[in-house]
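Enquirer: Quick one, what's the 3D model for this:
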Amino acid sequence: MVWTNETTGLNEHYIQQDASIKIAGRLFDQAKIEEIAIVDNKMQPLALITKQDYIHYSLLENVDMPVLDCSLENSWVCINKKQTLPQLLFIKADYLVRVDGKGRFQAVIPKEQLVRQYIKELKNPLLFTGQGSLIVVVDSNGEKVYLDLYQASNLNDRFMDSFNQSSLWISLLNAATRGISRQGEELSWGDIDWTVFTLPVYEKEKLLGAVGLFYYSPEIHAVIKQIRHLEEMYKEVNTIIETSYDGFNVTDGQGVVLRVNRSHQRITGSRPENMVGKHILDCVKEGELSDSVTMEVLKHKRTVTAQQQVRNGKHIIVTGTPVFDEAGEIIRVVCNLRDITELKTLEGKLAETEKSSKQYRNELEHLRKQHLYHEQIITASEAMNKILDEVQQVADKDVTVIVLGETGVGKGVIAKEIHQSSIRRDGPFIDINCGAIPPALLESELFGYEHGAFTGAKKGGKPGIFELAQHGTLFLDEIGELPMDLQVKLLKVLQEKQILRVGGTAPIPVDVRIICATNRNLREMMANGDFRSDLYYRLFVVPIYIPALRYRKDDIIPLMNYYLDKFNQKYGCAKEMAPEVQKKMLHYSWPGNVRELENLVERLVVSVPVTTIDAGHIPELYMGEKSYWKDERGWGPGIVPLRQAVEETEKYLIVQALKECGSMTKAAKRLGLDRTTVLRKVSKYSIPYQKIKKQHSGT
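Expert: As a prediction, the model looks like this:
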């Protein structure tokens, strides 16, 4: 803190030492001041005369006396301009006289004014000086350097004599010598309850002393309590505004932005620091807002509501409300913003649906059957297009389908596509993971239970998944995890189209289509006695094998772009992939398949701080992995999963046999397998048999 003429009200008036007291009185009257410096002919300060001194001598009717003879012993000290306000507080003098480098007078200020200025600059609404308050300043040695004489004079001498033994004095000493402050505590002294503020004063972490403010007026106590109540109310209102899901901006009566909350930034993408202090029209020009509801409110002097689209593409609805003063003038405009992007999207879809004709819907269905439109399936590979053809072929046939493939390849997506393309599309689609539910609970989940079937059974019983899927599709994921006893019950459902609740006696007919999925080898499980052969053949009516993502590289970039758009929209971003990133991703083996790709893209969208995602942002796992295959003749570096190695080897040998032999039958004989096995593996690995056959014929 520094002191200047403006902030402290410095008194620059002075009078020569040979002037009379009459001249001093005239200056007191004209300048409306309380003290005058007395200087010699070289402007060196000699003494101070106060208005009280003047009044005292003028009563003696000796107005022609030299002013220097009339100055009482007012304590004062010369200071320089470099001293700071905290330092000046602890100088032991009633007045401070500022001089220049040559000791010439510049200004005088009472110590009382400095103390009040210091308290004012603390900007604490609970600290104010005036009637009902006592101000005391103590240095770090415990010596009193200032006492508000005016307030002290309102207390009798006996009262002030006991001050040095009071709890007020002890609290002030603790602040001055130990830095222990009190903020509005209640203490008693002289049968009066005082509100105490003791304020330690520091200069560059050095404790200089403390200022004590002691309020004894009941009216002041009430004001302090009211201010505290208002502070609590402000904190409460501020918390409500900042935690509100809706956005808020507040302007004054001229349209200058005063406040913007956090939700406003989330909804509009505009930072508060780019708006606060600016006129609302300037914010519109700079693109922070698309239009100004505030100006409409100021123009029409009423509440205005409008829809807008902001810089991040979101649709919002804005309601501006005027706040009037007693004269009917607008002093504030409060704008409430709500994100209605999803509502606008739904509104657009509804409008589009209403415009669609029956012919359009039939055409859309035809296109879907021709695999030209797949709402949830993103693909560009020949292998996946072949699978989608197969899905459309079997969807309308109410047969059991089993979807095979590694974890994360999208077996559930294919199951939903079958349901949505089937005659059961209007019925429920219920999926259940057989491996995620404890075996003891799985039976009651699938088939339901009757009242009293077991301890803790719900009163009245509970329908099972089969009943809930009535006239729809039941997707049994991880069918390989189904316990043997439940395999028997599932087989019975497939054969008899009815179920029996746990604890029940009456069979319940069910009309449900079964779609299963697994990443396990059910044939091996059947050979090992872990899966029933009769159920196996019941499920394998129509098997659909989804190849791993590493076998359909053409799908990687379309999937990556799809998930990039999806998560950009979800998180309000506009990220894009650098070309070198896409090239790198094509060489990764993706052991987690589509799910791993989706998780990676989401991670990059939320964690990369810049718009363009380049190679430096990709985790080393994806950038540094070398191909499992060096070339068509041998292995590359590193250990690979055994199952993957077997699949790679099978694919490689089948391709080589087809290239050499030119036909399926000859290739099967060369490999020591039957033709059906080779045909199944060609389909499994999406081997382009016809292309290889043509190449062989050409040679």
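
Enquirer: Tell me which residues are up against stretch 595-603.
Expert: Contacts of stretch 595-603 from elsewhere in the structure, counted by CB atoms under 8 Å, 6 or more residues apart in numbering, are 407-408, 549, 556, 559-560, 563-564, 567, 585, 590, 592, 619, 622. C-betas here are computed from N, CA, C, even on glycine.

Enquirer: Let's see that with 10 Å instead.
Expert: Contacts to stretch 595-603, defined as CB atoms under 10 Å, 6 or more residues apart in numbering, come from residues 406-410, 549, 555-556, 559-568, 570-571, 575, 577, 585, 588-590, 592, 613, 617-619, 621-622.

Enquirer: Give me the buried subset of those.
Expert: Buried residues within the contacts of stretch 595-603, counting neighbours by 16 or more other CB atoms under 10 Å: 406, 408-410, 549, 555-556, 559-560, 562-564, 567-568, 575, 577, 585, 588-590, 592, 613, 617-618, 622.

Enquirer: ok, and the closest non-adjacent residue to residue 119?
Expert: residue 127 (5.3 Å; CB to CB, 6 or more residues apart in numbering).

Enquirer: what residues are up against that neighbour?
Expert: With contacts taken as CB under 10 Å, 6+ apart, residue 127 has the following neighbours: 119, 120, 133, 183, 184, 197, 199, 211, 213, 215, 224.

Enquirer: Return the list of helices and strands in contact with the helix or strand harbouring residue 169.
Expert: Using DSSP states H and E, residue 169 sits within helix 167-178. Using 3 or more CB pairs under 10 Å, 6 or more residues apart in numbering; DSSP states H and E as the contact test, the elements touching helix 167-178 are strand 133-139, strand 144-147, strand 182-189, strand 192-203, strand 206-215.

Enquirer: ok, the contacts of residue 127 vs residue 79, which is closest?
Expert: Nearest to residue 79, judged by CB to CB, of the contacts of residue 127 is residue 211 at 18.8 Å.

Enquirer: What pLDDT does the model give the closest one?
Expert: On pLDDT, residue 211 comes in at 93.

Enquirer: Backbone dihedrals for residue 489, please?
Expert: Dihedral pair for residue 489: phi -70, psi -40, per degrees, to the nearest 10.

Enquirer: Skipping adjacent residues, who's closest to it in space?
Expert: On the basis of CB to CB, 6+ apart, the spatially nearest residue to residue 489 that is not a chain neighbour turns out to be residue 447, at 6.8 Å.

Enquirer: Report the contact partners of that neighbour.
Expert: For residue 447, the contacting residues are 463-467, 486, 489-490, 493, 499-502, 504, 508, 510, taking CB under 10 Å, 6+ apart as the criterion.

Enquirer: Packing partners of the helix ranked longest in the chain?
Expert: Taking DSSP state H as the criterion, the chain has its longest helix at helix 218-243. Applying 3+ CB pairs under 10 Å, 6+ apart, one finds that helix 218-243 contacts strand 182-189, strand 192-203, strand 206-215, strand 247-252, helix 262-268.

Enquirer: Paired strands for the longest one, with orientation please.
Expert: The strands beside strand 192-203 in its sheet (DSSP bridges) come out as strand 182-189 (antiparallel), strand 206-215 (antiparallel).

Enquirer: Return the member of the ones you listed having the minimum mean pLDDT.
Expert: With a mean of 85, strand 182-189 has the lowest mean pLDDT of the strands paired with strand 192-203.

Enquirer: chain center to that strand: distance?
Expert: A distance of 42 Å separates the C-alpha centroid of strand 182-189 from that of its chain, computed with CA atoms, centre = their mean, to the nearest Å.
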